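Participant: Here is a sequence with its predicted model. Questions after.
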Amino acid sequence: MSSEQKREYPWSHYTLACCRRGPAPPTLYVLYAVQIAVVIVLSYLSVVLLGPLSYSGISLFYFVYPFIIIFTLWWGFWGALAGYIGCVVGAGLMVGLPLLPSIAYALSDLVPFLVMFALYRGVLARLGVDPLMRDLVEREIRGYRARRSAAWFWFILLNGLVLNALSAEIGVGIQYAMGLVPPDAYWFWWIGWFVGDLLAMVILTPILVKGLTSMVERYGLINHGWFT
């Protein structure tokens, strides 16, 4: 990032570095643990409350999905790991899936989020898009005008379409390979997965960003890199 970009945008310290210098506050490790518990509970509820195919971990409105997005943007690897553990336990084991299928298909809630974090921190931030997605809901950030049109474009394209499709392909594809999806129902399950995540993402993500992100940042609890 050029010196001009660092001056213009107030988030140049959010990078893809492995760690930041100095120890992380103990509060941060507590939050890592809490978010994992939250994602497990929400994953389970997303499936059992709104999942006609609940035994497969598919929900018509997977409302934990936006939480995993936000947690990953805040906490990098730890946020994506929470999504993975939540899917294994809450949307897998707790709804009756065996251990191996749960471990395998939960990659759908790990890989796309790691890709998302890398893109927002490594590419979109250089284009002037806030890596914490605040420009979806804010007109300005720390006195700088937010790029709302660009933010929404990339949000829908990357998160809503590309990475959501990748998540559906990994999740349903692995279940199909394991014989958990009827041969003639692959695309029915795929579309259910895709639409359920998309609806939750578009409706809830801006609300979570508006209500939580700036507050968490003020307390210095957002990772500067992948781990701390």
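Facilitator: Perfect, thanks for sending it.

Participant: which residues are contacting the longest helix along the chain?
Facilitator: Determined from DSSP state H, the single longest helix within the chain is helix 26-50. With CB atoms under 8 Å, 6 or more residues apart in numbering as the test, helix 26-50 has contacts from 54, 57-65, 67-68, 71, 75, 78-79, 81-83, 85-87, 89-91, 94-95, 196, 200, 219, 221, 228. For glycine as for every other residue, the C-beta is placed from the backbone atoms N, C-alpha and C.

Participant: Weed out the non-buried ones from these.
Facilitator: Of the members of the contacts of helix 26-50, the ones counted as buried by neighbours, 16 or more other CB atoms under 10 Å, are 54, 57-65, 67-68, 71, 75, 78-79, 81-83, 85-87, 89-91, 94-95, 196, 200, 221, 228.

Participant: Quick one: distance of whichever helix or strand comes after the longest helix of the chain to the chain centre.
Facilitator: Toward the C-terminus, helix 26-50 is succeeded by helix 65-75 as the next helix or strand (DSSP states H and E). Centroid separation for helix 65-75 versus its chain: 4 Å, with CA atoms, centre = their mean, to the nearest Å.

Participant: And for helix 65-75, what's in contact with it?
Facilitator: Taking CB under 8 Å, 6+ apart as the rule, helix 65-75 contacts 28, 31-32, 35, 38-39, 42, 46, 78-80, 82-83, 86, 109, 113-114, 116-117, 120, 131-133, 159, 197, 200-201, 203-205, 208-209, 212-213, 216, 221-223.

Participant: Selection in ChimeraX covering whichever of those residues are buried, please.
Facilitator: Here is the ChimeraX selection string for the buried members of the contacts of helix 65-75, based on 16+ other CB under 10 Å:
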select :28,31,32,35,38,39,42,46,78,79,80,82,83,86,109,113,114,116,117,120,131,132,133,159,197,200,201,204,205,208,209,213,221,222,223
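
Participant: Mark which of the contacts of helix 65-75 are part of helices, please.
Facilitator: Using DSSP H, the contacts of helix 65-75 in helices are 28, 31-32, 35, 38-39, 42, 46, 78-80, 82-83, 86, 113-114, 116-117, 120, 197, 200-201, 203-205, 208, 216.

Participant: thinking again about what came up before, could you check the angle the longest helix of the chain makes with helix 65-75?
Facilitator: Interaxial angle, helix 26-50 versus helix 65-75 (axes from the mean of the first three to the mean of the last three CA atoms, to 10 degrees): 170 degrees.

Participant: Average pLDDT for helix 26-50, rounded please.
Facilitator: What helix 26-50 shows for mean pLDDT is 91.
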